[in-house]
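Colleague: Turn this into a model:
(one chain, ligands or ions: 1)
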Amino acid sequence: MSKSIATKVVHGSQKVDPYTGAVSFPIYQSATFKHLDTTDQRRGYDYSREQNPTRQEVEESLAILEAGTAAFAYSSGMAAITDLFKLFSPGEQIVVADDLYGGTYRLFEEIYAGYGLEFTYVDTSEIENVLAAVQENTKAIFLETPSNPTMKVTDIAAVAEIAQNNDLLTIVDNTFLTPYYQQPLQLGADIVVHSGTKFLGGHNDTLAGFTVVKDEELADSLSLIQKSVGAVLSPFDSWLMLRGIKTLGVRMDKQQSNALQIAEFLQEHQQVEEVFYVGLSEHEGYDISCKQASGFGAMISFTVKEPKLVEQLLESLEVITFAESLGGVESLITHPVSQTHQDIPESILSRLGITESLLRLSVGIEAAEDLVEDLERGLKN
Ligand SMILES: *Cc1c(COP(=O)(O)O)cnc(C)c1O
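Modeller: This next block holds a predicted model:
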């Protein structure tokens, strides 16, 4: 029987440790493993860069949650994306969503462009832009949906169809919604990537990254890259991820319910210019979102009417913390222009609407009324 995602997140892959029955999967803190004998007979573990039981449990759990065949765990989301792009060779082009995580943009432009990969940035929420950007040397389409920080929604199935017709890979960064709300592989994508640091881990205490695939050949390639490069998730951090994922469902539901209340409050507020939250029915991506995801998540961006309100708000907060990152139980607020997106050129930022007045809120699990009160005080005239 196929279980609900709410059950799958709690049980992971093996539910309990097969060797001891431990309900909390053990941390196998060992770099190396004794060979059974001099023949080629194996237990499945030789050396922890290649595989470790705790990492394997979190990888197999992610594969189940994303409906893939294999998953790989890395020491950060950026390590995951770095490994993933070793699938490509100099002279190959990748079409990329123009509104994306600043660190991913920096990796592409400052590192991978130097190795001869070409990146073409387009607004993938307008599907015709994707097709128009495909050239003879195009190999993949990389996108985030909802996007960061302007919350644009891209139709994953429509992009995957273009990709299939042109023999390209569709890669989706699913950090914002997680498999609890959105499963890109089910919609035709080939590869899902995650910053596990965010909602999956959920406690602002661990860096982690994942890739998930369904194709066996892709899995073999990523496995080879993972063990050769060595940016793997440690046993302890794998355990923190397993522990975090158990509560993914209850956290996402609470964070989303808080987010909707905050988005509605901000929408009514006189000092707020515009609210970007996918769960508001007037949001441009609302319909596609309802079609491809079972939730809207807990990320809100908004612009204030006067830039000076940014400083006023950030300095008066008592409940929400002014800090980078997102997805954890603590509500965090960031100022993308000066933090997460500072490496993106000014011309691109202004075209995307990432201005001095834009703030991004990651809504946590605190009481919604305390969060609203915090914002209300900060936005007072
Ligand atoms: C944070 C983030 C990343 C990078 O992940 P790290 O764990 O910080 O390395 C990539 N994509 C998105 C959407 C993110 O939010």
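Colleague: list the contacts for residue 251?
Modeller: By CB atoms under 8 Å, 6 or more residues apart in numbering, residue 251 lies in contact with 199, 202, 329, 365. Just so you know, the C-beta spots here come from the backbone N, C-alpha and C atoms, and that holds for glycine as well.
Colleague: Distance-wise, check the spatially closest residue to residue 177 that is not a sequence neighbour relative to the ligand.
Modeller: In space, and not counting its chain neighbours, residue 177 is closest to residue 297: 5.0 Å by CB to CB, 6 or more residues apart in numbering. Between residue 297 and the ligand the distance is 11 Å, computed by CB to the nearest ligand atom, to the nearest Å.
Colleague: Can you classify residue 297 by secondary structure?
Modeller: Following DSSP: H, G, I helix; E, B strand; the rest coil, residue 297 is assigned to coil.
Colleague: Need the per-residue pLDDT for it.
Modeller: Residue 297 is assigned 98 on the pLDDT scale.
Colleague: Run a quick neighbour tally on residue 367.
Modeller: Neighbour count for residue 367, taken as other CB atoms under 10 Å: 10.
Colleague: Ok, residue 62 next?
Modeller: 26.
Colleague: How about the contacts made by it?
Modeller: With the criterion set at CB under 8 Å, 6+ apart, residue 62 makes contact with 68, 71, 73, 179, 194, 200, 210, 212.
Colleague: How is the first one assigned, secondary-structure-wise?
Modeller: This means residue 68. Using three-state DSSP, the secondary structure recorded for residue 68 is coil.
Colleague: Nearest residue to it in space, please, no chain neighbours.
Modeller: Ranked by CB to CB, 6+ apart and with sequence neighbours excluded, the top spatial neighbour of residue 68 is residue 212, at 4.0 Å.
Colleague: burial of the one you found, as a residue count?
Modeller: 31.
Colleague: helix/strand/coil for it?
Modeller: Taken by three-state DSSP, the conformation at residue 212 corresponds to strand.
Colleague: returning to that earlier point: now the contacts of residue 251 in JSON lines, with pLDDT and secondary structure?
Modeller: Listed next are the contacts of residue 251 as JSON lines, based on pLDDT from 0 to 100; DSSP: H, G, I helix; E, B strand; the rest coil:
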{"residue": "199", "pLDDT": "98", "secondary structure": "coil"}
{"residue": "202", "pLDDT": "98", "secondary structure": "coil"}
{"residue": "329", "pLDDT": "98", "secondary structure": "coil"}
{"residue": "365", "pLDDT": "98", "secondary structure": "coil"}
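Colleague: now, among those, which is nearest to residue 43?
Modeller: residue 202 (31.7 Å; CB to CB).
Colleague: can I assume that closest one is in contact with residue 326?
Modeller: No: counting by CB atoms under 8 Å, residue 202 sits too far from residue 326 to count as a contact (10.5 Å).
Colleague: For the closest residue to residue 113 other than its chain neighbours, list each beta-bridge partner.
Modeller: Of all residues not flanking residue 113 in the chain, residue 119 sits nearest, at 6.7 Å (CB to CB, 6+ apart). Here residue 119 sits in beta bridges with residue 94, going by DSSP bridges.
Colleague: For burial, what's the neighbour tally of residue 119?
Modeller: For residue 119, the neighbour count with other CB under 10 Å is 15.
Colleague: State the distance from the residue in the stretch 101-250 of the chain that the ligand sits nearest to to residue 345.
Modeller: In the stretch 101-250 of the chain, the residue that lies nearest the ligand is residue 195 (3.0 Å; CB to the nearest ligand atom). Residue 195 sits 23 Å away from residue 345, going by CB to CB, to the nearest Å.
Colleague: okay, the two: which has more neighbours?
Modeller: When neighbours are counted by other CB under 10 Å, residue 195 and residue 345 differ, and residue 195 comes out ahead with 29 against 10.
Colleague: Next up, the contacts around the more buried one.
Modeller: The contact partners of residue 195, by CB under 8 Å, 6+ apart, come to 76, 77, 78, 80, 101, 173, 175, 208, 209.
Colleague: what's the nearest residue to it if we skip its chain neighbours?
Modeller: The spatial neighbour of residue 195 that comes closest, neighbours along the chain excluded (CB to CB, 6+ apart), is residue 77 at 2.8 Å.
Colleague: and if you look at residue 127?
Modeller: The spatially closest residue to residue 127, leaving aside those adjacent along the chain, is residue 158, at 4.9 Å (CB to CB, 6+ apart).
Colleague: Point out the residues in the stretch 51-200 of the chain that sit beside the ligand.
Modeller: Within the stretch 51-200 of the chain, the positions lying close to the ligand (CB under 6 Å from any ligand atom) are 76-78, 101, 103-104, 144, 148, 173, 175, 195, 197-198.
Colleague: Now do the residue of the stretch 51-200 of the chain found nearest the ligand: how many residues are near it, please.
Modeller: Using CB to the nearest ligand atom, the closest approach of the stretch 51-200 of the chain to the ligand is made by residue 77 at 2.2 Å. Around residue 77 there are 24 other residues, counting by other CB under 10 Å.
Colleague: pretty sure it contacts residue 192?
Modeller: No: using CB under 8 Å, residue 77 is not in contact with residue 192; the gap is 11.9 Å.
Colleague: hmm, back to that, filter the contacts of residue 195 down to the ones in strands?
Modeller: Among the contacts of residue 195, the ones falling in strands (DSSP state E) are 173, 209.
Colleague: what's the farthest-apart pair in the contacts of residue 195?
Modeller: Within the contacts of residue 195, 101 and 208 form the most distant pair, 15.1 Å apart (CB to CB).
Colleague: more neighbours, the two?
Modeller: Set residue 101 next to residue 208 and count neighbours by other CB under 10 Å: residue 208 wins out with 26 against 22.
Colleague: Enumerate every residue touching the more buried one.
Modeller: The neighbours of residue 208, taking CB under 8 Å, 6+ apart as the test, are 73-77, 195-197, 200-201, 233, 237-238, 240-241.
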